[in-house]
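[1] Just the structure for this:
(4 chains)
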2 protein chains.
Amino acid sequence: MTRAQQKERTRRAIIDAAFAQLSPDKGFSSLSLREVAREAGIAPTSFYRHFADMDELGLTLVDEAGLMLRQLLRQARHRIEKNGSVIRTSIETFMEFVVGNSNVFRLLLRERSGTSAPFRRAVAREIQHFCAELADYLRKETACPDEFAQVQAEAMVTLVFHAGADALDASPDLRLQITHKTITQLRWLAHGAAGYARRPKE
Amino acid sequence: MTRAQQKERTRRAIIDAAFAQLSPDKGFSSLSLREVAREAGIAPTSFYRHFADMDELGLTLVDEAGLMLRQLLRQARHRIEKNGSVIRTSIETFMEFVVGNSNVFRLLLRERSGTSAPFRRAVAREIQHFCAELADYLRKETACPDEFAQVQAEAMVTLVFHAGADALDASPDLRLQITHKTITQLRWLAHGAAGYARRPKE
DNA sequence: AAAATTAGCTTACAGATGTAAGCCAAATGT
DNA sequence: ACATTTGGCTTACATCTGTAAGCTAATTTT
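    Prediction:
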C-alpha cells in the first residue's frame, strides 16, 4: 500500500503548507490554491486529487484546530489537579496555546466571523464542544449551580478567547497584564454565578 | 465652490458604495477597487483622486463605524433615563444597532481580528473609546468600585459584542434567547465586581 | 502477464485585478 | 480674459488567479 501512504503524505503536505502560510498578515481567504500547491511541492492541478476546493481544505483545517482545542482542555485539567488554582491555571494554559500555536488560534478567531457561512458554522461547532466540556467540568468540580453551568462556561470562553486575541498582538509583559485582567473577570463571573439567583420575572 | 462640493459628493459615493458591498459573504478585504468604483459610478482610476489606497478607504470606514458606536452609547443613556433597567436596555439598544446596521457592525467585528495590523489597531482604538465611556458611566451611576470600572466595562463590551456577533447569524427568536443569556451574564459580572474584593496576593 | 487505476505533471485559457500614462473640459485663480 | 488646477475619463499592460484537457508512469487489480 505504498499508494495510499504516498497519497496521505502529500495530503498532509498540503495541510501543513496551508497552516504554514497563515500568518498575522494572511488569513485563509487570502490563501491561493497555487501558493499552497507551490509550498506543498506539487503542481497546482494536483491539488484537486486531494481536495475538491480550497473550502474543503479550510474545513479540514478547522477540524484539526478544534481537535487541538479539546486536547488543550484535557491538558488544563491535568495541570489543575496538581496545581489547585483552577482559573489561573486554565488561563495560563490557554495563553501558552495561543502563543505557541498562533496560526491555529488565528484561524479559529478569524473564521468565526469570516465571510463563509459553512466556516462560521464549523468554528461555532468546535467552540460549542469546548464550552460543553467546560460546563461539565464546572458542574462536577465547582460550586456553580447546575443550570447555570452552560451559560457561565460560554461567558468564560468568550472572555478567554478575547484575551487570547488581544495577546496575539501584545508584548510579553502586556500579555501578563491581560492574563491578570482576565483572571479578575472570570473570578467576578464565578462569584456572581454562584451567589446571584436570577430573578425570574424581570 | 461647486468644485469642492462635487468632490465631497463622489467621495461619499465611494464610501457608501463600499459599505453597500459589505455583506455576510463579503468582507472588506475581498472588496476590489474596481468593484467599488463601478458601484460608485466612476472609472477605476478616478478612485485615486480621493483615496491613495483601498486601505485608506477602509480606515475611513472604520472611523465612521466608531462614530456610530459612540452615538449608540449616548442613545442608550437617554433610553436608560426613561426606562430604568440599565443592563437590559443597554443590550437591547445594542442588538437593535447590530441588526439594523449589520454591515457596519460586521466591519468592526471582522477587522478587529483581520489581516491588517493598522486596521486592527484602528478598531481596537474605537472599541477602547467605547469602553472608556462606559467605564465613566459605571463609576458615576452604579455601585461599581472606581478602580474596577474599566475592567468591568471591558468584560461587558466583550460579552455584548460576542452576543452581537452570534445574533448576526441567528433567527429573531434565537436572538431573544441570546439577549436573555447575555443579560444574565452581565448581571453576574456586575454582582461579582460589586461584591468581590480581589485578594491581593494570589 | 495484461489491464485498469490514479497521483502527478505540463500546457493552455479566460477572466479579474491594480495602476501607470495621458487627454479633456470645467471650475477656479489671477 | 487668460492661465491653472483638477476630477474624471479611456486605454494599456503586466500579473495573478482557478481550472480544463490530456499525457505519463507507476501501482494495483484481475
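[2] From now on I want contacts and neighbour counts done on CA atoms only, so please keep to that.
    Will do.
[3] Report the residue spans of chain A with pLDDT below the cut-off.
    Filtered on pLDDT under 70, chain A yields the residue ranges A:1, A:196-202.
[4] By residue count, which helix of it is the longest?
    Of all the segments of type helix in chain A, defined by DSSP state H, the longest one is helix A:54-81.
[5] Tell me how far it lies from the chain's centre.
    The chain centre lies 6 Å from the centre of helix A:54-81; the measure is C-alpha atoms, centre = their mean, to the nearest Å.
[6] and what of stretch A:39-58?
    Put simply, stretch A:39-58 sits 24 Å off its chain's centre (C-alpha atoms, centre = their mean).
[7] Report whether that stretch contacts chain B.
    No: using C-alpha under 8 Å from any C-alpha of the partner chain, we find that stretch A:39-58 stays clear of chain B, coming within 13.7 Å at best.
[8] in that stretch, what's buried?
    Judged by neighbour count (16 or more other C-alpha atoms under 10 Å in any protein chain shown), stretch A:39-58 contains these buried residues: A:39-40, A:47, A:54, A:57-58.
[9] In stretch A:7-24, which residues are buried?
    Of the residues in stretch A:7-24, A:10-11, A:13-15, A:17-19, A:21-22, A:24 count as buried by neighbour count, 16+ other C-alpha under 10 Å.
[10] per-domain residue ranges of chain A.
    Under the assignment named as automatic domain parsing, the residue ranges that make up the domains of chain A are A:1-51, A:53-195.
[11] how about those in TSV, adding distance to DNA strand C?
    What follows is those, written out as TSV (distance: least, C-alpha to the nearest atom of the strand, whole Å):
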stretch	distance to DNA strand C
domain A:1-51	3
domain A:53-195	14
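[12] how about those domains, which one is nearest DNA strand D?
    Among the domains of chain A, the nearest to DNA strand D by C-alpha to the nearest atom of the strand is domain A:1-51 (3.1 Å).
[13] Next, give phi and psi for residue A:26.
    Dihedral pair for residue A:26: phi -140, psi 110, per degrees, to the nearest 10.
[14] For beta bridges, what are the partners of it?
    Residue A:26 has these beta-bridge partners by DSSP bridges: residue A:23.
[15] what's around it, how many residues?
    Using other C-alpha atoms under 10 Å in any protein chain shown, residue A:26 has 14 other residues around it.
[16] ditto for residue A:83
    Using other C-alpha under 10 Å, residue A:83 has 11 other residues around it.
[17] Look at it and tell me its secondary structure.
    The local conformation at residue A:83, judged by DSSP: H, G, I helix; E, B strand; the rest coil, is coil.
[18] What's the separation between it and residue A:90?
    Applying C-alpha to C-alpha, to the nearest Å, one obtains 11 Å for the distance of residue A:83 from residue A:90.
[19] Make sure residue A:70 is actually in contact with residue A:132.
    No: counting by C-alpha atoms under 8 Å, residue A:70 does not reach residue A:132; the two are 10.6 Å apart.
[20] would you say residue A:130 is within a strand?
    No: residue state for residue A:130 (three-state DSSP) corresponds to helix; a strand is not indicated.
[21] My read is that it contacts residue A:69, right?
    Yes: counting by C-alpha under 8 Å, residue A:69 is a contact partner of residue A:130 at 7.2 Å.
[22] show me where chain A has helices.
    A:2-21, A:33-40, A:54-81, A:86-100, A:102-112, A:117-141, A:149-168, A:172-195.
[23] right, and the ones you listed - which one's nearest residue B:169?
    Closest to residue B:169 of those is helix A:117-141 (C-alpha to C-alpha; 8.7 Å).
[24] by contact count, what packs against that closest one?
    Secondary structure elements in contact with helix A:117-141, counted by 3 or more C-alpha pairs under 8 Å, 6 or more residues apart in numbering or on different chains; DSSP states H and E, are helix A:54-81, helix A:102-112, helix A:149-168.
[25] What residues does chain A have near DNA strand D?
    With C-alpha under 7 Å from any atom of the strand as the criterion, chain A meets DNA strand D at residues A:1-4, A:31-35, A:44-45, A:53-54.
[26] Between all of those, which two are at the greatest distance?
    A:1 and A:31 (32.3 Å).
[27] So which of the two has more stuff around it?
    Looking at residue A:1 and residue A:31 with other C-alpha under 10 Å, you find the greater number of neighbours at residue A:31, namely 14 against 5.
[28] List the contacts of that one.
    Under the criterion of C-alpha atoms under 8 Å, 6 or more residues apart in numbering or on different chains, the neighbours of residue A:31 are A:18, A:21-22.
[29] wouldn't residue A:15 be in contact with residue A:54 here?
    No: here residue A:15 does not reach residue A:54: they are 10.8 Å apart, not a contact under C-alpha under 8 Å.
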